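Asks: Provided below for reference: sequence and predicted model.
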Amino acid sequence: MRKLLAAVALSLAALPALAQLSIEITGAGANRIPIAIAPFAGEAALPLGITAIVRADLERSGLFRALEVPPLVPQPTEASNVNYAEWKSRLADALVLGSIAVRSDGRFEVRFRLYDVVKQSPIGGVAYTMSRDQLRATGHRIADYVYEKLTGEKGVFSTKIAYVVKRGARYELQVADADGANEQAMLVSNEPIISPAWSPNGKRIAYVSFQNKKPIVYVQDVEVPKQNVVANFKGSNSAPAWAPDGAKLAVALSRDGNSQLYLINPDGSNPRRLSNSGGIDTEPNFSPDGQWLYFTSDRGGSPQIYRMPAAGGEAQRVTFEGSYNVSPRVSPDGKSLAYIMRNGGKFQAALLDLNTRQVQVLTDSEFDESPSFAPNGRQILLATVIGGRGVLSAVSADGRVKQRLTLSAGDVREPAWGPLIP
């Protein structure tokens with residue numbers, strides 16, 4: 001709701017980020033899978049070992065416990081005969097072996113194989129060709145493969161996140177890998193930037209910047225530093241959310257009085273009003289099937305979460321526990337709703353099971369905001385205020401695994417987890 005009140009002006013620049021996010025795991029799930037990832041043969045030719053990336057990704061998920069593997073002679077590869085008894089004695093349930101070879105064109109061929117130590121059988125493997133600057137991306141792809149084979153869920157290590165950093169008087173809209181590496185500034189401004197939202201294909205980001213003393217909604221290609229205006233009507237233009245097919249955006253506009261929900265094309269054409277209430281309607285979020293639009297409204301006297309048909313129609317109240325519930329985000333499977341609730345004076349992330357109506361408070365923070373689901377629904381990215389400074393944090397959907405992502409300097413807010421890209 002506070003985002004409707006801010007007002008200021010925007011300038012573009014292309015400045016590099018000053019620091020990379022660092023990740024601290026503050027909790028881990030029970031029954032983590034012990035996995036051994038032997039150093040890939042030949043990876044010494046690269047400045048950063050690929051196995052370190054794979055190991056860090058899997059550990060960060062909270063579902064794996066990477067075992068220490070000392071240097072082995074001879075160094076095993078995906079083509080080696082596996083001594084399952086030896087790896088079982090190292091307490092491994094799963095094993096990754098691989099190799100890296102330099103090709104004649106200067107690129108690298110990465111091969112690996114995943115083994116089930118308990119069943120004493122190979123699970124599968126893949127070969128990738130990469131350039132030197134694709135090292136991290138390849139490591140993430142290997143981790144995604146291992147994660148999916150061992151859990152049955154899609155991995156999200158190859159995805160991107162977006163967030164806003166405030167350094168002094170400067171605001172930066174950053175895009176980075178899911179582990180915080182390879183950060184790039186999409187937009188740098190002397191005025192606030194809020195509400196980044198990824199398009200379903202991961203190629204564009206909608207966001208709000210403050211221009212002409214009011215918020216304006218823009219869409220920008222991730223690779224091209226050019227703004228395209230989506231909503232610049234009289235009053236407030238805020239809270240963009242993409243429809244699952246990418247053909248429309250839901251936005252909150254006060255062009256006709258109080259903030260209400262509208263559908264609009266990404267090029268700014270054909271705005272159509274959806275909600276008609278005497279209160280403030282904002283923070284829309286589509287259900288994954290595109291049938292429903294969840295949103296925050298104070299139409300009943302206090303901020304609560306409602307939903308309505310995405311094409312318009314009667315709204316239904318969704319949250320009833322507590323007097324303050326905002327920022328709805330539907331899980332990728334459509335079964336649960338993450339949001340921020342006021343709980344004993346604290347603003348904390350909560351999860352509502354849409355079938356059973358059970359509510360679980362996920363965090364013990366003082367002030368959480370802007371929840372965003374990982375594409376596989378396993379984790380939720382948040383902004384958390386600690387000591388007056390915003391940091392990014394992540395919590396698993398069951399509340400067991402908690403992480404903190406921080407910059408050495410800067411106030412970090414407004415996180416958005418990007419989609420899975422095939």
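Replies: Structure's in. What do you need?
Asks: Tyr145 - nearest residue in space that isn't next to it in sequence?
Replies: Nearest non-adjacent residue to Tyr145, counting by CB to CB, 6 or more residues apart in numbering: Val126, 6.0 Å away. Yep, even glycine has a C-beta here, placed from its N, CA and C like the rest.
Asks: touching, the one you found and Asp144? I think so.
Replies: No: the pair Val126 / Asp144 is not scored as a contact, 10.3 Å apart, by CB atoms under 8 Å.
Asks: sec struct for Glu86, please.
Replies: Assigned state for Glu86: helix (three-state reduction, DSSP: H, G, I helix; E, B strand; the rest coil).
Asks: same question, Ala137
Replies: Taking three-state DSSP as the rule, one finds Ala137 in the helix state.
Asks: so how far is Gln379 from it?
Replies: Per CB to CB, to the nearest Å, Ala137 is found 20 Å from Gln379.
Asks: just the helices in the stretch 101-250 of the chain please.
Replies: For the stretch 101-250 of the chain, the helices defined by DSSP state H, counting those that start in this stretch cover 135-151.
Asks: so which other helices or strands are in contact with the helix or strand containing Ile380?
Replies: Assigned by DSSP states H and E, Ile380 belongs to strand 379-386. If contacts are counted by 3 or more CB pairs under 8 Å, 6 or more residues apart in numbering; DSSP states H and E, strand 379-386 sits against strand 346-353, strand 368-373, strand 389-396, strand 411-417.
Asks: residues of stretch 91-104 that come out buried?
Replies: Applying a neighbour-count criterion of 16 or more other CB atoms under 10 Å, one finds 92-100 buried in stretch 91-104.
Asks: in strands only, show me the residues you listed.
Replies: Among those, the ones falling in strands (DSSP state E) are 94-100.
Asks: ok, these vs Asp364, which is closest?
Replies: Ala94 (32.1 Å; CB to CB).
Asks: picking that back up, can you redo the helices and strands packed on strand 379-386 as TSV with mean neighbour count?
Replies: Listed next are those as TSV, based on neighbours: other CB atoms under 10 Å:
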stretch	mean neighbour count
strand 346-353	20
strand 368-373	24
strand 389-396	23
strand 411-417	22
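Asks: and of the ones you listed, who's closest to Gly152?
Replies: Between these, strand 389-396 lies closest to Gly152; by CB to CB that is 16.1 Å.
Asks: parallel or antiparallel, list what pairs with the closest one.
Replies: Using DSSP bridges, the strands paired with strand 389-396 are strand 379-386 (antiparallel), strand 402-406 (antiparallel).
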